[in-house]
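*Asks:* Sequence and predicted structure below; questions after.
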Amino acid sequence: MKKNILFAFALLLSLSSVSYAMGTTPDPKIYVTPEAWALGQIPQQTTHSKVIEVYNVGGAPLLIQNVRTSCGCTTTQISTKEILSRQSATLEVSFFSGSFRGVNTKKVYITSNDPKTPTFTFVLSAEVVSEEAK
C-alpha cells in the first residue's frame, strides 16, 4: 500500500514538473501581443487598423466569450472564439478618428474563460489633429 502511495506521489510530482517546464497551466491563459497600440498623430476623419494576436498559453481551450469596445469609433473582428492550447487567433482592431481632437484613449475588452484574467484590456491611443492644426 505504501509503495502504491509513493508511486502515485512520484508520478504526480513528475507530471507537475513536466507541466511546469512546458510553461503551461491546466487552465486556459490569455496572452495578447502587442498589449497596447500608440498611433501617434493622426488626422481627423481617418480609419486606422491593426491586427493583434491573441494566444492561449495555457493547457485548456481558451473560449472568447465577448469582445467589446469603449466607444463606437472602435470596431473589432476576431478570427475564432475558441483558441486551443498553444494556438492563437487574430483580432483586427479599427479606430475611426472622426471629429475628435487631441489625445484619445480607447479600450478593447476581451472576456474569456481565463480564470486569472477573465477580462483582458487592450488600450489604443492617438493624438487626433485637425487639418487646420497641421
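*Replies:* Everything's here; your move. Numbers count the residues shown, from 1 in each chain.
*Asks:* Can you list the low-confidence ranges for this structure?
*Replies:* Across the chain, the ranges flagged by pLDDT under 70 are 1-24, 133-134.
*Asks:* Spatially central residue in it, please.
*Replies:* Centroid-nearest residue in the chain, with Cα atoms, centre = their mean: Val32, separated by 3.6 Å.
*Asks:* can I assume it is in contact with Thr121?
*Replies:* No. The pair Val32 / Thr121 is not scored as a contact, 9.4 Å apart, by Cβ atoms under 8 Å. Bear in mind the C-beta positions are built from the backbone N, C-alpha and C, glycine included.
*Asks:* Can you check which residues contact both of these two?
*Replies:* Overlap of the contact sets of Val32 and Thr121 (by Cβ atoms under 8 Å, 6 or more residues apart in numbering) consists of Ile110.
*Asks:* residue ranges of the strands in the chain, please?
*Replies:* 30-33, 36-43, 47-56, 62-69, 74-78, 82-83, 88-96, 102-112, 119-129 (DSSP state E).
*Asks:* mind checking how far Ala36 is from Leu124?
*Replies:* The gap separating Ala36 from Leu124 is 7 Å, by Cβ to Cβ, to the nearest Å.
*Asks:* So between those two, which is more surrounded?
*Replies:* Neighbours per residue (other Cβ atoms under 10 Å) separate Ala36 from Leu124, with Leu124 holding more: 23 against 13.
*Asks:* Hmm, the more buried one is touching Cys73, no?
*Replies:* No. The pair Leu124 / Cys73 is not scored as a contact, 10.4 Å apart, by Cβ under 8 Å.
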